[in-house]
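Enquirer: Give me coordinates for this.
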Amino acid sequence: MRWGWIVLSTLVLGATACEKAETKPGVQEAATAPEPAGPLGPLVEVVPGVYSGGSPYADPRAIGELRRLGIKTVISVDATQPDVAVVQSIGARSVHVPTRYSGFDPIQKLTLAKAVRDLERPIYIHCHRGLHRGPAAAACALIATGEMDPSRGEPFLTDAGTSLDYPGLWESVRNAKRLSDATLDGFSVAFDAANQPRGMVEAMSIIEASWHAMGAIREAGWQAPEHQPDLVPAAEAGLIHNTLRGVTGLDSPYSGDEEFATLLATSIAQSSDLENAIIAGELERMESAYRSLETTCYECHVAYRD
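Expert: Numbering: from 1, shown residues only. This next block holds a predicted model:
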């Protein structure tokens, strides 16, 4: 049984990055409905040789699925570091382009487009859950390379299950444009296997800023406050969640401390629950998750910061 979306095409991919750069693929047909999620989450074959899905590191079956698909390049757009050793174990290359739910900046769009155009295929693009940043990154990259018609970008996000609670991702895809070969050729980038995680101080500063934003959102009835109309509730919760996940990879004075590890794991679960509650529009669950996370953060600060 084949995972993903079946796309009909007469596209013939070049065997090397050089060949792909010289022989440009045409626009592909729109993808059909996805099959139920497997070990890679909602796996999608966006166009022949380019897949989108969830993180492949948590489920042992996932790396086997990547091997079965013959994946040669794994592009992570998650905020946390990819497991490079896992990727290399199947003979694939790891590329890390960490992104946020608020959308992609021009450098990120160029990097993704150049990676999709030049690196060896099949390519697997993933975020954490495989629903939001991953599909948006794939759409932006393929529109830029000319393999996806711009008019198919937003319908693709709809089919992929990308939440409307992340308007920055939708805007990134809506504004994506075909990039010329000269533009991509002239863009120089080192495809890092894994970007170093933020330091503890920077990570906590990001979380603190987003937590203050969440407080304002909560006071406004779980919507953007009138004086801060650009705040996106789900995006702020997602940023807190992903930054907390990133803390697990940091070398800090608390590494190996069991109590700290427990508090961190609890806060990761609670921030995920808060984000999911916001997306679902469940007010009581939002309040419960917010208060629970607030309590855990307070306990951690008392023990490790204050």
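
Enquirer: all contacts plus neighbour counts: C-alpha atoms, from now on.
Expert: Will do.

Enquirer: Give the other helices and strands that the host helix or strand of Tyr298 contacts.
Expert: Tyr298 is part of helix 283-304 when elements are defined by DSSP states H and E. Under the contact definition 3 or more CA pairs under 8 Å, 6 or more residues apart in numbering; DSSP states H and E, helix 283-304 sits against helix 258-280.

Enquirer: ok, and what's touching the helix it packs on?
Expert: Contacts to helix 258-280, defined as CA atoms under 8 Å, 6 or more residues apart in numbering, come from residues 163, 165, 222, 233-234, 237-238, 240-241, 244-245, 248, 254-255, 283, 285-286, 289-290, 292-293, 296-297, 300.

Enquirer: What subset of these is buried?
Expert: Listed as buried from these are 163, 165, 222, 233-234, 237-238, 240-241, 244-245, 248, 285-286, 289-290, 292-293, 296-297, 300; burial here means 16 or more other CA atoms under 10 Å.

Enquirer: Now do the helix or strand hosting Pro155, average pLDDT.
Expert: Using DSSP H and E, Pro155 falls within helix 153-160. Across helix 153-160, the average pLDDT comes to 96.

Enquirer: Just after that helix, pick out the following helix or strand.
Expert: The element immediately downstream of helix 153-160 (helix or strand, assigned by DSSP H and E) is helix 167-174.

Enquirer: Which strands or helices does that next one pack on?
Expert: The contact analysis (3+ CA pairs under 8 Å, 6+ apart) places helix 167-174 against helix 133-145, helix 153-160.

Enquirer: Which of those helices has the highest mean neighbour count?
Expert: When neighbours are counted by mean count of other CA atoms under 10 Å, the highest per-stretch mean among the helices and strands packed on helix 167-174 falls to helix 133-145, a mean of 29.

Enquirer: Need the CA coordinates for it. PDB is fine.
Expert: Extracted in PDB, the C-alpha atoms of helix 133-145 (Å, rounded to 0.1, in the frame of the first residue of the first chain):
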ATOM      1  CA  ARG A 133       4.900  24.300   8.500                       C
ATOM      2  CA  GLY A 134       6.000  21.200   6.500                       C
ATOM      3  CA  PRO A 135       3.200  21.500   3.900                       C
ATOM      4  CA  ALA A 136       3.600  25.300   3.700                       C
ATOM      5  CA  ALA A 137       7.400  24.900   3.200                       C
ATOM      6  CA  ALA A 138       6.900  22.300   0.500                       C
ATOM      7  CA  ALA A 139       4.300  24.600  -1.300                       C
ATOM      8  CA  CYS A 140       6.500  27.700  -1.100                       C
ATOM      9  CA  ALA A 141       9.500  25.800  -2.400                       C
ATOM     10  CA  LEU A 142       7.700  24.100  -5.300                       C
ATOM     11  CA  ILE A 143       6.000  27.300  -6.400                       C
ATOM     12  CA  ALA A 144       9.400  28.900  -6.400                       C
ATOM     13  CA  THR A 145      10.900  26.200  -8.600                       C
END
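
Enquirer: how many degrees apart are it and helix 167-174 in direction?
Expert: Helix 133-145 and helix 167-174 are oriented at 20 degrees to each other (axes from the mean of the first three to the mean of the last three CA atoms, to 10 degrees).

Enquirer: which residues touch helix 133-145?
Expert: So helix 133-145 is contacted by 46, 52-54, 77-78, 99-101, 109-110, 112-114, 116-117, 125-127, 148-150, 153, 156-157, 160, 162, 169-170, 172-173, 176-180 (CA under 8 Å, 6+ apart).

Enquirer: could you pull out the helices for the protein?
Expert: Taking DSSP state H to define them, one finds helices in the chain at 17-22, 60-69, 84-88, 106-118, 133-145, 153-160, 167-174, 181-185, 200-219, 233-247, 258-280, 283-304.

Enquirer: Mind putting those helices into TSV with distance to Gly41?
Expert: Formatted as TSV, these follow (distance: least, CA to CA, whole Å):
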stretch	distance to Gly41
helix 17-22	28
helix 60-69	9
helix 84-88	17
helix 106-118	21
helix 133-145	11
helix 153-160	11
helix 167-174	19
helix 181-185	31
helix 200-219	27
helix 233-247	18
helix 258-280	16
helix 283-304	24
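
Enquirer: for these, which one sits closest to His227?
Expert: For these, proximity to His227 was assessed by CA to CA; helix 200-219 is nearest, at 9.6 Å.

Enquirer: so that closest one versus helix 283-304, what angle?
Expert: Going by the same axes, to 10 degrees, helix 200-219 makes 150 degrees with helix 283-304.
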